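*Asks:* just the structure for this:
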Amino acid sequence: MPHEIAVAYLIISRMVEPPPATEVSRSVAAAGLGVLDYEAAGESGALASGGRRRIGTFNGAVPGTAALVRMVVWRAGEPVTTGMGEPALNVLASGLDAEDARTLREGRLSFDLRATVGDGSSALPALTWMVRVARLVADECGGVVMDPLAQRCAGPSELSRLQASDVLAHVTIHNEPWGVESRWLHTHGLQKFCRPELELIEVPLSLVDEATGFLRDVTASLATGARLAAGGEIDLDELGTVFASSAPSDVDHQAAFGRLRLTDAPLPGEREGTSHARFLTRVALAEAARRRDSGDIEGALRDIDRVLAADPDQSAALMLKAQIYLSQGQITDALDLGELMELRVPGDYRGPLCTGMALAALERYREALRELERAIEREPDAAEVFAVRAAVYERLGQEQHAAQDRARVAYLAR
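*Replies:* Predicted structure coming up:
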């Protein structure tokens, strides 16, 4: 049986009286959004909590779907957002201009637009329709639109730019502090698609861009039909695997379909943890390598330095940086990095590999061979070490040894 969820958008107006219902219905019809029938509440309109009085109700359906919609017009005796905590109001008001923020805090006229949407990608047509209707009503009444499930508010300028047919337009990614030097990234709004919300915790400040891009990609995948549950994995080919586990929820982060925390998949013998450093590092270094290969050396070095800001001892980052230095003729700098790796991460084969490559570039081949042999002792299956040693043997005229190392590279690459 498919899941369903009730979705609401609240339009808060700065007006005292609503625009004529006929104008609202006409605007909706003129935009090709179907028919909204209006029923006035009359003088006996129900009085609700907070002194709210119902003015009338629009009823209709989302064209081409089974979703029925209802928009109730309310007038309150106090601001609509009375009782909402200041932290929540500040989150909603962020990004609004001063006038729209004042409307959010002081408006007493509201339009409560609600519908029940279906599972997965079938929700998008209904959500697109609802956003377009909310935009029209906000234009008619000088209002702002609050999206409670996405925990955000939009004024006219943002609404005009919103691409409602894009699933990512219906989800927000909040970026909040987690400790002193890291961030907590989490989604709001995936539950509109009957999917769990997602989070990454302890994101290093320097890798927030990678984390945000990853969350956007997974969000789009889930919102268009993919499924993910606690204990599941996301296979990202050469970038590795990401593991999903259940995440706790506080009162401000409840979600109808739960919350999932995304982390590095545990290595053999490793306990499940909260870290995603391996994955984010691979993403950043893959982009650095792409930039290097395209000739954007400065961009590649910036990406590498962001990884090193999160972990100064990250050997793969130091190694890629050394390779760039060597390609640019900065041999002494590469040699320094090899020595630095040997001090910071003793036992890692990339320290002597880097040193060996730098020594070979200086034509100090015998010394280079000694370093490369140390690298092989530490990691006998590292094909790149044998490739470098084969080149050194060729420079020394030792073709038989070079051929053996090239054969070893071919074997390890299988």
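*Asks:* need the residue closest to the centroid of this protein.
*Replies:* Closest residue to the average C-alpha location of the chain: Leu215 at 2.6 Å, with C-alpha atoms, centre = their mean.
*Asks:* now the strands for this structure?
*Replies:* 5-13, 36-40, 53-61, 68-75, 109-117, 143-147, 152-154, 172-177, 182-188, 197-204, 233-235, 241-246, 259-264 (DSSP state E).
*Asks:* looking at the ones you listed, which is nearest to Thr128?
*Replies:* Minimum separation from Thr128 across the strands of the chain (C-beta to C-beta) falls at strand 109-117, 10.5 Å. In this view, the C-beta of every residue, glycine as well, is placed from N, C-alpha and C.
*Asks:* what comes up buried for that closest one?
*Replies:* Across strand 109-117, burial judged by 16 or more other C-beta atoms under 10 Å covers Leu109, Ser110, Phe111, Asp112, Leu113, Ala115, Val117.
*Asks:* follow-up on the earlier one: just send the strands of the chain back as JSON lines, with mean pLDDT and distance to Ala382 too.
*Replies:* Formatted as JSON lines, the strands of the chain follow (pLDDT from 0 to 100; distance: least, C-beta to C-beta, whole Å):
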{"stretch": "strand 5-13", "mean pLDDT": "93", "distance to Ala382": "51"}
{"stretch": "strand 36-40", "mean pLDDT": "94", "distance to Ala382": "67"}
{"stretch": "strand 53-61", "mean pLDDT": "93", "distance to Ala382": "63"}
{"stretch": "strand 68-75", "mean pLDDT": "94", "distance to Ala382": "61"}
{"stretch": "strand 109-117", "mean pLDDT": "93", "distance to Ala382": "52"}
{"stretch": "strand 143-147", "mean pLDDT": "94", "distance to Ala382": "51"}
{"stretch": "strand 152-154", "mean pLDDT": "92", "distance to Ala382": "48"}
{"stretch": "strand 172-177", "mean pLDDT": "94", "distance to Ala382": "38"}
{"stretch": "strand 182-188", "mean pLDDT": "95", "distance to Ala382": "32"}
{"stretch": "strand 197-204", "mean pLDDT": "94", "distance to Ala382": "27"}
{"stretch": "strand 233-235", "mean pLDDT": "91", "distance to Ala382": "24"}
{"stretch": "strand 241-246", "mean pLDDT": "91", "distance to Ala382": "22"}
{"stretch": "strand 259-264", "mean pLDDT": "93", "distance to Ala382": "22"}
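*Asks:* make CSV out of those strands and add distance to Arg290.
*Replies:* As requested, the strands of the chain are exported to CSV (distance: least, C-beta to C-beta, whole Å):
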stretch, distance to Arg290
strand 5-13, 39
strand 36-40, 50
strand 53-61, 48
strand 68-75, 46
strand 109-117, 38
strand 143-147, 35
strand 152-154, 33
strand 172-177, 24
strand 182-188, 23
strand 197-204, 21
strand 233-235, 20
strand 241-246, 20
strand 259-264, 22
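*Asks:* return the most buried member of the ones you listed.
*Replies:* Stretch with highest mean neighbour count among these: strand 143-147 (a mean of 26; mean count of other C-beta atoms under 10 Å).
*Asks:* quick one, that one and strand 182-188 angle?
*Replies:* Using axes from the mean of the first three to the mean of the last three C-alpha atoms, to 10 degrees, the direction of strand 143-147 lies 100 degrees away from that of strand 182-188.
*Asks:* hmm, who's touching strand 143-147?
*Replies:* Outside of strand 143-147, the residues within contact range by C-beta atoms under 8 Å, 6 or more residues apart in numbering are 9-15, 92, 96, 100, 103-104, 107, 109, 111, 131, 134-135, 137-138, 152-156, 159, 170, 189.
*Asks:* ok, Ile297 touching Ile324?
*Replies:* Yes. The pair Ile297 / Ile324 is scored as a contact, 6.3 Å apart, by C-beta atoms under 8 Å.
*Asks:* circling back to that earlier point, mind checking the strands of the chain for the one nearest to Thr81?
*Replies:* Among these, strand 5-13 sits nearest to Thr81 (C-beta to C-beta), with 7.4 Å.
*Asks:* just the pLDDT at the closest residue to Leu127 other than its chain neighbours, thanks.
*Replies:* Using C-beta to C-beta, 6 or more residues apart in numbering and skipping the chain neighbours, the partner closest in space to Leu127 is His170 (5.2 Å). On the pLDDT scale, His170 is placed at 94.
*Asks:* report the contact partners of His170.
*Replies:* His170 neighbours (C-beta under 8 Å, 6+ apart): Leu124, Leu127, Val131, Asp147, Ala150, Ala164, Gly189, Lys192, Phe193, Ala223.
*Asks:* recalculate using a threshold of 6 Å.
*Replies:* Applying C-beta atoms under 6 Å, 6 or more residues apart in numbering to His170 gives the contacts Leu127, Gly189, Lys192.
*Asks:* what's around the last one, how many residues?
*Replies:* The reference is to Lys192. 24 (other C-beta atoms under 10 Å).
*Asks:* any idea how far it is from Gln398?
*Replies:* Per C-beta to C-beta, to the nearest Å, Lys192 is found 66 Å from Gln398.
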